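Engineer: Starting from these lines, generate the structure:
(one chain, ligands or ions: 1)
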Amino acid sequence: MKDTARSVAFRTLSRVYEDEAFTNVALLHALSDDTLSPRDKALCTEIVYGTVRHQITIDALLQLYIKRKLRDVEQKVLTILRMSVYQLAYLARVPAYAVIDEAVNLAKRHARPASGFVNGVLRSYLRAGGTVEERMEDLLRKRRANDVSALSLRHGFPEWMVRALMDAYGCPRAEAMLAACNDAAPLTVRVNPLKTTRHELKETLAEALHTDVRDGGLSPQALVVPGAVNVENLPAYQTGQCTIQDEAAMLIAPLLGPEPGMHVLDMCAAPGGKTTHIAELMRDEGTIDAYDVYLQKVRMIKAQAERLGLRSIVASLGDGRQFADKQAKYDAVLVDAPCSGLGVMRRRPDIRHRRKPSDILQLVTLQRELLGAAIQATRPGGVIVYATCTLLPEENQQVVDWIQQHAGVSVVVEDIRESVPAMLADDVSGGLTITPERYGTDGFFMARLRKQ
Ligand SMILES: C[S@@+](CC[C@H](N)C(=O)[O-])C[C@H]1O[C@@H](n2cnc3c(N)ncnc32)[C@H](O)[C@@H]1O
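Structural biologist: Numbering: from 1, shown residues only. Reported below is the predicted structural model:
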């Protein structure tokens with residue numbers, strides 16, 4: 001049978017829900033051949049991301065029409081219902097009859113005995129009427145919901161995550177942050193100054209993609225490409241003129257103060273986004289030792305270095321914590337630590353469903369150990385940059401504060417207001433926290449320490 005936007009969306013969502021695939025990776029794989037038209041690819045992408053983003057809200061609405069608990073509904077049937085309610089609730093331009101027809105066809109193909117059930121539930125949903133906002137507010141009134149459960153239901157994030165953000169940033173800002181985490185992220189690329197200029201690359205990309213490409217507002221190396229485009233297929237990408245990277249992430253490597261000839265350690269380096277940035281800023285002169293604990297990921301660093309034509313990167317397999325008892329020799333060390341990833345939920349919406357509160361404690365322990373080892377590996381007078389892509393202070397400023405007390409050597413947290421764009425100065429408090437609702441970027445934390 002011929003693939004449609006919805007059948008490919010169903011297959012992709014099944015991989016996310018049944019095989020624990022990452023949404024962005026499963027989608028990239030599903031759309032890599034050309035069986036769908038560009039319009040259908042866009043619809044499929046919208047359905048997949050939207051369903052995962054709004055799953056908590058969708059489930060609460062679906063439960064009103066299903067007597068059993070949703071966890072007792074067969075996964076394939078639940079996937080069909082979730083993606084269909086997403087379309088009925090959030091995609092005004094899609095006709096309801098098309099959604100229900102295709103849902104029933106999908107059920108006949110993948111869960112035949114349940115096709116009548118799928119039809120019945122979706123028709124009951126439609127009959128109840130009202131916009132998704134009205135239905136949600138009705139549900140919240142009936143549940144007498146407090147602020148945390150209200151934000152959880154309105155924006156589709158688990159309650160523990162909402163509570164953590166509210167505690168850290170207050171209610172209005174946390175709500176704006178959650179809403180921004182549901183926005184589609186733009187594609188941004190970092191120009192490789194060793195091969196071209198931002199101006200030249202901008203013209204090359206605009207011509208190849210028939211679209212307006214604009215300069216980023218935060219990094220002098222950033223270009224923003226609108227729409228869902230595949231830059232990786234373009235000659236400009238394949239010949240190493242640019243790297244795909246969120247604009248806020250482009251602010252991290254410069255904090256190390258990279259200069260030609262330096263000896264730098266990148267402790268958690270894969271897939272190499274920041275390693276290659278450091279090498280570009282060092283004009284590919286000097287050495288960057290880049291480590292990661294997964295062999296497959298070390299190969300990714302090597303592939304990126306090769307694509308960009310960078311020779312100063314030495315990528316190796318290794319645990320960053322090993323540097324705790326090695327010689328202190330590096331001029332600068334980057335710890336781009338493994339973290340809960342709450343800052344990148346625009347691109348990885350499944351993070352909200354995967355992460356558990358208990359993960360945070362484990363991550364904080366690892367982050368402290370990595371930062372402690374980084375300080376040991378740095379020569380006296382050298383700098384250490386600690387960064388994450390999460391929004392939780394426990395994994396960010398609190399790790400930096402803790403290490404100052406426990407490093408066993410003297411380290412100072414430097415004031416980085418002069419080293420970041422002026423408009424970010426107010427976001428610096430110890431380290432810099434960039435949140436997604438402020439500048440349309442992913443969320444990041446970065447701090448610079450100097451070993452005395
Ligand atoms: C946030 S990512 C790094 C992203 C990378 N710096 C970039 O810009 O492309 C964190 C990385 O740390 C790696 N990692 C996790 N535990 C580690 C450890 N103990 N030592 C070294 N790397 C580790 C993960 O495999 C992951 O690739």
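
Engineer: who in the protein is up against the ligand?
Structural biologist: 267-274, 291-294, 297, 319-321, 336, 338 (CB under 6 Å from any ligand atom). Placement of C-beta: from N, CA and C, glycine included.

Engineer: Repeat the analysis, applying 8 Å as the threshold.
Structural biologist: 245, 249, 252, 266-275, 277, 291-294, 297, 301, 318-321, 334, 336-339, 341, 366, 369-370, 387-389 (CB under 8 Å from any ligand atom).

Engineer: what sits against the residue of the stretch 1-150 of the chain found nearest the ligand?
Structural biologist: Scanning the stretch 1-150 of the chain for proximity to the ligand using CB to the nearest ligand atom identifies Phe22 as nearest, at 13.3 Å. Counting by CB atoms under 8 Å, 6 or more residues apart in numbering, Phe22 touches Val16, Arg348, Asp350.

Engineer: next one: phi and psi at it?
Structural biologist: phi -70, psi 140 (degrees, to the nearest 10).

Engineer: ditto for Asp331
Structural biologist: With angles defined as degrees, to the nearest 10, Asp331 sits at phi -70, psi -30.

Engineer: same deal with the one 4 residues further on?
Structural biologist: The phi/psi pair for Val335 (degrees, to the nearest 10) reads phi -110, psi 90.

Engineer: I figured it hits Thr378, correct?
Structural biologist: No: if you go by CB atoms under 8 Å, Val335 and Thr378 don't touch, sitting 10.4 Å apart.

Engineer: Now do the shared contacts for those two.
Structural biologist: Between them, Val335 and Thr378 share these contacting residues under CB under 8 Å, 6+ apart: Ile384.

Engineer: and these two? which has more neighbours close in?
Structural biologist: It is Val335, of Val335 and Thr378, that has more neighbours when counted by other CB atoms under 10 Å, with 27 against 24.

Engineer: Look at that one and report its pLDDT.
Structural biologist: For Val335, the pLDDT comes out at 98.

Engineer: and it, how far is that from Thr388?
Structural biologist: From Val335 across to Thr388, the span is 9 Å (CB to CB, to the nearest Å).

Engineer: Now do the shared contacts for the two.
Structural biologist: With CB under 8 Å, 6+ apart as the test, Val335 and Thr388 both reach Gln367.

Engineer: Tell me who's in contact with Ala174.
Structural biologist: Here Ala174 is in contact with Leu151, Val162, Leu165, Met166, Ala168 (criterion: CB under 8 Å, 6+ apart).

Engineer: how about it, phi and psi?
Structural biologist: phi -60, psi -40.

Engineer: And the residue of the stretch 51-200 of the chain that's closest to the ligand?
Structural biologist: For the stretch 51-200 of the chain, CB to the nearest ligand atom, closest residue to the ligand: Arg190, 10.8 Å.

Engineer: State the helix or strand in which that residue lies.
Structural biologist: Assessed by DSSP states H and E, Arg190 sits inside strand 187-191.

Engineer: from the middle of its chain, how far away would the following helix or strand past that strand be?
Structural biologist: Using DSSP H and E, the helix or strand that directly follows strand 187-191 along the chain is helix 198-209. How far helix 198-209 lies from its chain's middle: 25 Å, per CA atoms, centre = their mean, to the nearest Å.

Engineer: Equivalent analysis for stretch 86-93, please.
Structural biologist: With CA atoms, centre = their mean, you get 24 Å for stretch 86-93.

Engineer: and that stretch, which residues are buried?
Structural biologist: Tyr86, Gln87, Leu88, Ala89, Tyr90 (16 or more other CB atoms under 10 Å).

Engineer: Tell me the one of these nearest Met1?
Structural biologist: Using CB to CB, Gln87 is the member of the buried residues of stretch 86-93 that sits closest to Met1, with 20.0 Å.
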